[in-house]
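S.K.: using only what follows, build the 3D model:
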Amino acid sequence: MTKTDILAEVLLPTKELRDDLPFFTKTLGMRLENIFPADDPSVASFSGHGLRIRIERGADVPPGHLRILTDHPNTFARGQRKMTAPNGTTVEVVPLSPSVDQPQTQHEFAVRRLRDEAPWIIGRAGMHYRDLIPTRLGGSIIASHIRIPDGGPVPDMVHYHTVGFQLIFCYKGWVDVLYEDQGDAIRLHAGDCVTQPPGIRHRVVEASPEIEVIEIGVPAEHVTTIDHDFTLPNGTGDPAREWDGQTFVHHLKDQAVWQPFHIPGFVARDTGITAGTKGVAGIHVARYQSGTPPQFSHDADIHFTFVMEGTMTLRAQDQPDRDLEAGDAFVIPPELAASYADCSDDLELLEVALRGDFSTKIV
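M.R.: A predicted model of the protein is given here:
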């Protein structure tokens, strides 16, 4: 059996086929494939734009709704965006290529505790997802705690995201991922991370048992497109290549340099993502060092933190103290005074900020 042995078509009704013929052929630019009977045609099939349609007089089905996807709407159907065929079928002309629509951030102080037992949702490729920011700050960001309980090969396909920024941070275990122009599979160990620039093709290959990652996506709702024609690995490309102005960044924990953090009392390793995204985002891993960290505020649009190890008390202006432990997460809105108190010696934090070139003020 070959591909040409099977066709699928959408059935639409009509009262008078001769009225629909010019609409589907001339207005929509579809090709007439067959028509019958010859003396009084009542059935016709059309093909075009990746679709096959059968229009049949008296068919007991609704008139339907067609979406025509094109990046050149002004040259299609004389620029009309919405039309109605003589048979009642409505036609909508919409963009072919998805675009990133970044909503305005709805700022809030938010805390998400692991012990609150928020539900794990089974998502793409059988992976389990836990939402770390339930409100998603008005749709501006999604922060997911993802795990694959059994490990092993992952039934993933080559795909890409239409997104403003995306981070994969390996929290526990290891995971192998193939990326466009990056050679063979990259193994992320606990503490390593990568950015997935907009449009970069990639595929998750295999993971260790009990693998856990933190994934950040901006905005919260973004399109994932499967690329059936792209094969990975595809060799090694230009390291300076940019996807929508961002380079691929692969940060290795074992090669990191620890430096003073913007909050006194901590040291941190810079992942290089601020430079790789030209300031779009900044990702740091901060480790408690000594002393009593002071109260601070920031001017980032989004400031998200995940507690990776240890314990602390989060204190924020006009908010009750929150005792936090590994697996908890929080968001501090801009200009809100906050502090990290009662830090355990093993406290380690993953900080995500947008933009990455934000400033901190000690208050």
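
S.K.: what are the boundaries of the helices in the stretch 1-150 of the chain?
M.R.: Applying DSSP state H, counting those that start in this stretch to the stretch 1-150 of the chain gives helices spanning 17-22.

S.K.: low pLDDT regions in it?
M.R.: Applying pLDDT under 70 to the stretch 1-150 of the chain picks out residues 1-4, 124-126.

S.K.: do that again at 50, thanks
M.R.: Within the stretch 1-150 of the chain, the stretches with pLDDT under 50 are 1.

S.K.: what about the strands in it?
M.R.: With strands called from DSSP state E, counting those that start in this stretch, the stretch 1-150 of the chain shows them at 10-14, 31-36, 43-48, 51-57, 65-69, 82-84, 90-94, 110-112, 121-122, 128-131, 142-148.

S.K.: which residues of the stretch 201-350 of the chain fall in strands?
M.R.: Using DSSP E, counting those that start in this stretch, the strands found in the stretch 201-350 of the chain span residues 202-207, 211-218, 223-226, 250-251, 258-260, 266-270, 282-288, 296-298, 302-309, 311-316, 322-325, 329-331, 338-341, 348-354.

S.K.: which stretch among these comes nearest Leu32?
M.R.: Closest approach to Leu32 among the strands of the stretch 201-350 of the chain is made by strand 223-226 (31.4 Å; CB to CB). All C-beta atoms are positioned from the backbone trio N, CA, C, and that covers glycine.

S.K.: and the closest one, what does it pack onto?
M.R.: The helices and strands touching strand 223-226, judged by 3 or more CB pairs under 8 Å, 6 or more residues apart in numbering; DSSP states H and E, are strand 159-162.

S.K.: and the next helix or strand after the strand it packs on with strand 282-288, angle?
M.R.: Downstream of strand 159-162, the first helix or strand assigned by DSSP states H and E is strand 165-172. Angle, strand 165-172 to strand 282-288, by axes from the mean of the first three to the mean of the last three CA atoms, to 10 degrees: 30 degrees.

S.K.: tell me what strand 165-172 is packed against?
M.R.: The elements that strand 165-172 packs onto, with contact taken as 3+ CB pairs under 8 Å, 6+ apart, are strand 186-189, strand 193-195, strand 211-218, strand 348-354.

S.K.: contacting residues around the second one?
M.R.: Residues from elsewhere that reach strand 193-195 (CB atoms under 8 Å, 6 or more residues apart in numbering): 165-170, 177, 179, 186, 188, 246, 248-251, 271, 273, 276-277, 281, 283.

S.K.: now those: which count as buried?
M.R.: Neighbour-count burial within those applies to 165-170, 177, 179, 186, 188, 246, 248-251, 271, 273, 276-277, 281, 283; the criterion is 16 or more other CB atoms under 10 Å.

S.K.: buried deepest among the helices and strands packed on strand 165-172, which one?
M.R.: strand 193-195 (a mean of 25; mean count of other CB atoms under 10 Å).

S.K.: centre of the chain to it, how far?
M.R.: Its chain's C-alpha centre and that of strand 193-195 lie 14 Å apart, by CA atoms, centre = their mean, to the nearest Å.

S.K.: how close does the residue of the chain most remote from its centre sit to Asp299?
M.R.: Using CA atoms, centre = their mean, the residue of the chain lying farthest from its centre is Asp39. It sits 54.8 Å away. According to CB to CB, to the nearest Å, Asp39 and Asp299 sit 77 Å apart.

S.K.: and what of Arg147?
M.R.: Using CB to CB, one obtains 34 Å as the distance from Arg147 to Asp299.

S.K.: what does Ala353 give?
M.R.: For Ala353, the distance to Asp299 - CB to CB - is 10 Å.

S.K.: name the residues contacting each of those two.
M.R.: With CB under 8 Å, 6+ apart, Ala353 and Asp299 have no common neighbours.

S.K.: thinking again about what came up before, so which of the helices and strands packed on strand 165-172 is nearest Asp20?
M.R.: Among those, strand 211-218 sits nearest to Asp20 (CB to CB), with 43.2 Å.

S.K.: what does the closest one rub up against?
M.R.: Applying CB under 8 Å, 6+ apart, the external contacts of strand 211-218 come out as 102, 132, 140-148, 151, 161, 163-175, 188, 281, 302, 304, 306, 350, 352, 354.

S.K.: with stretch 60-75 instead?
M.R.: With contact meaning CB under 8 Å, 6+ apart, stretch 60-75 is reached by 10-13, 28, 49, 51, 76-77, 79, 81, 85, 87-97.
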